[in-house]
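Asks: Quick one, what's the 3D model for this:
(2 chains)
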Amino acid sequence: MSFITLPEFDRHALSAVWLTLELASLTTVLLLIIATPMAWWLARCKSWWRGPIAAVVALPLVLPPTVLGFYLLVALGPNGPIGQFTQAMGWGTLSFTFSGLLLGSVIYSMPFAVQPLLHAFEAIGERPMEVAATLRARPIDAFFTVALPLAKPGFITAAILSFAHTIGEFGVVLMIGGNIPDKTRVVSTQIYGHVEAMEYAQAHWLAGGMLVFAFAVLLGLTLMNRKSTQVMR
Amino acid sequence: MALYAASSAASAAEVSVAVASNFTAPMQKIARAFELDTGHKAMLAFGATGGFYAQIKNGAPFQILLAADNETPARLEKEGLGVAGTRFTYAIGKLVLWSKQPSLVDDKGDVLRKGGFDKLAMANPKLAPYGAAAIETLTKLGWLKQLKPKLVEGSNIGQTYQFVASENAALGFVALSQVFSDGRITEGSAWIVPASFHAPIQQDAVLLNTGKDNTAATALLNYLKTEKAQAIIRAYGYDL
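Replies: Okay, here's the model as predicted:
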């Protein structure tokens, strides 16, 4: 293990850690906003479309990140559909930008937000909403005052999983990021760079940190689930 | 010739080769010729040299490394993972500034000074010799500082090519072998960077310890030095 010059390492590592947290936080907020109506619709909907749309939302669970990364690279480029749109809006292209990573992360972590919310909404069932309706609550009020509080554990799980899964994102970032310090170089790609450059000491520090983080998240989630099931009983 | 092929097929062996991404196209061609001529089989894996180094150090089952530099093979030999005395330069890489747009890059590289593009792609200079050569070139031209905000990095030269080929980056420094075939640039516009602008990209091969007694491994290393293989290597724009 080689000696590392700490100040230089600290600066790069901290910038990558900060950027990763920023990306994960923004992704989580966006996902909760997008996934809530989506999961609600999927939980209530009886239309034929439910099956195909649920499958599309779950696709990132099954697809390798290289597939998502490749399609995003093509779609975000100047000749791709998203690239054409963003250029027409005067935003330029999104590849190699933080916004591009954000878009990729939202798609990549989508199932981790939608699935827990869907299960929570399904568990509530029709009954509480019907009762609220007989008490003359408007559907939108009933949603906010009845359904949302009942689905709280689902929201907490969705938030934690989206956040953690975005922290663990690698393939998509590698393929559309371009490794720009302070913009698209996150912890996972930083570790990859250290390993490829044979800087094993730096890689160990960051990789060890990731391991501890992942363990803490999963442990916290397990403890919380146990607590909430005890409350239910 | 038929007799030779038949006799060697009797003792046909298999060799696993780790190949630097920039050498993908020529190596596929060479491997086909090698298999036809000797009856041996060459299994090729393509990737970044640094990545291969980490894998070889941790017991990856490769018998030969065709690196994108000369440092990694030397390092493997020093660490006792490569067989001493088997290293040699199989190709000298050429750097090219390339764009898919037909008239963006002029034949002097003036486009770098004039600007008029959003992103300039290059391989990560810490990981890839072609990236290091690109940085050296920009430094020599004195344009590094001004172009830094436009730089995007691929993790290896293959990914860098992909950035430019998909036009996510308007232009980029790639390996000539990636855009060159039958003696000319296949599409777009390009500036072949003069060799004097950067240290030579000397690409070395080394026999790894795991291949010491593998007849196919020795045969392949010898084959790379034949007239036939060298003609293929040159056809992809490498020097020798």
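
Asks: continuing past the particular helix or strand that has A:L42 in it, what's the next helix or strand?
Replies: In this assignment (DSSP states H and E), A:L42 forms part of helix A:6-44. Note on helix A:6-44: by DSSP H and E, the next helix or strand toward the C-terminus is helix A:50-62.

Asks: avg pLDDT for the helix or strand that that next one is followed by?
Replies: Going down the chain from helix A:50-62, the next helix or strand is helix A:65-76, by DSSP H and E. Throughout helix A:65-76, pLDDT has a mean value of 93.

Asks: Helix A:65-76 and chain B, any residue contact?
Replies: Yes: using CB under 8 Å from any CB of the partner chain, helix A:65-76 reaches chain B at A:73-74, A:76. C-beta: built from backbone N, CA, C; applies to glycine.

Asks: Only whichever of those residues are buried, select them in PyMOL.
Replies: Listed next is the PyMOL selection for buried residues among these, using 16 or more other CB atoms under 10 Å in any protein chain shown:
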select buried, chain A and resi 73+74+76
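
Asks: Now distance to A:R185 too, for the residues of helix A:65-76 next to chain B, in a markdown table please.
Replies: Converted to a markdown table, the residues of helix A:65-76 next to chain B look like this (distance: CB to CB, whole Å):
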| residue | distance to A:R185 |
| --- | --- |
| A:L73 | 17 |
| A:V74 | 22 |
| A:L76 | 18 |
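
Asks: Report the inter-axis angle for the helix or strand hosting A:I160 versus helix A:6-44.
Replies: When elements are assigned from DSSP H and E, A:I160 belongs to helix A:152-167. Following axes from the mean of the first three to the mean of the last three CA atoms, to 10 degrees, one obtains 140 degrees for the angle between helix A:152-167 and helix A:6-44.

Asks: So what touches helix A:152-167?
Replies: Helix A:152-167 has contacts (CB atoms under 8 Å, 6 or more residues apart in numbering or on different chains) with A:20-21, A:23-25, A:27-28, A:31-32, A:35, A:105, A:108-109, A:112-117, A:119-121, A:123, A:148, A:187-188, A:210, A:213-214, A:217, A:220-221, A:224-225, A:228.

Asks: Among the residues you listed, which ones are in helices?
Replies: Cross-referencing those against helices under DSSP state H gives A:20-21, A:23-25, A:27-28, A:31-32, A:35, A:105, A:108-109, A:112-117, A:119-121, A:123, A:148, A:187-188, A:210, A:213-214, A:217, A:220-221, A:224-225, A:228.

Asks: Return stretch A:90-99 as CSV; C-alpha atoms alone will do.
Replies: C-alpha atoms of stretch A:90-99 as CSV (Å, rounded to 0.1, in the frame of the first residue of the first chain):
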residue,chain,number,x,y,z
GLY,A,90,-32.0,26.0,-25.6
TRP,A,91,-30.5,23.8,-22.8
GLY,A,92,-27.8,22.2,-25.0
THR,A,93,-27.3,18.4,-24.5
LEU,A,94,-27.5,16.8,-21.1
SER,A,95,-24.7,14.2,-21.4
PHE,A,96,-21.7,14.9,-19.2
THR,A,97,-23.8,17.3,-17.0
PHE,A,98,-25.2,17.0,-13.5
SER,A,99,-28.7,17.3,-14.9
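
Asks: quick one: average confidence on it?
Replies: Here stretch A:90-99 scores 92 as its mean pLDDT.

Asks: and that stretch with chain B, contact?
Replies: Yes: shown here: stretch A:90-99 in contact with chain B (CB under 8 Å from any CB) through A:92-93, A:95-96.

Asks: Weed out the non-buried ones from the ones in helices among the contacts of helix A:152-167.
Replies: Neighbour-count burial (16+ other CB under 10 Å) applied to the ones in helices among the contacts of helix A:152-167 gives A:20, A:23-24, A:27-28, A:31, A:35, A:105, A:108-109, A:112-117, A:119-121, A:148, A:187-188, A:210, A:213, A:217.
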